[in-house]
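Student: take this sequence and fold it.
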Amino acid sequence: MRVLLVEDVPQFRKRLTEFFDGVMSGYDVDVAGSLSEALACLAAGPPDLVLLDLGIPAGPDDANPHWQHGDELLDRVRAIDPSAAVVVLSAEDRLTRDFLKLRQVDDFFSKDLPAAWEGE
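Tutor: Prediction:
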């Protein structure tokens, strides 16, 4: 199974990557921290599962994450493979619920405990 992990917070991205390398070994995981990096991963082929943080920057040198970049990426994923499973990662529960209703993503994971996944 090919997984595309899109998360701009390095510590959270690292922990999810470690999870797939350890507990969920055997998955082919592409990791991106921005829209441009995620699009480069998509160019290599469609993922079966996308773990998508909506608030991502446009590029690796952009310090301004915005939910519209995650929304654009979702459009690209759906254009490539409408059946790909998408799980939204978000610290914004209300935005996520509204987004789920409008965009028909498969599920969401709330990042509601920042102290548990921020820096070490």
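
Student: and the longest helix anywhere in the chain, what does it pack onto?
Tutor: Longest helix in the chain by number of residues (criterion: DSSP state H): helix 67-80. Applying 3 or more Cβ pairs under 8 Å, 6 or more residues apart in numbering; DSSP states H and E, we find helix 67-80 packed against strand 2-6, helix 35-43, strand 49-53, strand 85-90, helix 93-103. Every residue, glycine included, has its C-beta placed from N, CA and C.

Student: now do the residue nearest the centre of the chain against D106, distance only.
Tutor: By Cα atoms, centre = their mean, the mean C-alpha position of the chain lies nearest to L52, the distance being 1.9 Å. Look at L52 and D106: by Cβ to Cβ, to the nearest Å, they are 10 Å apart.

Student: which residues are in contact with each of those two?
Tutor: V86, V87 (Cβ atoms under 8 Å, 6 or more residues apart in numbering).

Student: any weak-confidence spans in this protein?
Tutor: Scanning the chain for pLDDT under 70 picks out the ranges 92-96, 112-120.

Student: need the nearest residue in space to G70, chain neighbours excluded.
Tutor: Using Cβ to Cβ, 6 or more residues apart in numbering and skipping residues adjacent in sequence, the residue nearest G70 is L54, 3.4 Å away.

Student: that neighbour: how many residues sit nearby?
Tutor: 25 (other Cβ atoms under 10 Å).

Student: what of L42?
Tutor: 22.

Student: any idea how far F20 is from the nearest residue to D71 once chain neighbours are set aside?
Tutor: Nearest residue to D71, sequence neighbours excluded (Cβ to Cβ, 6+ apart): L54, at 6.8 Å. Counting by Cβ to Cβ, the gap from L54 to F20 is 20 Å.

Student: residues in contact with V3?
Tutor: For V3, the contact set (Cβ under 8 Å, 6+ apart) comprises F20, Y27, D28, V29, D30, P47, D48, L49, V50, L51.
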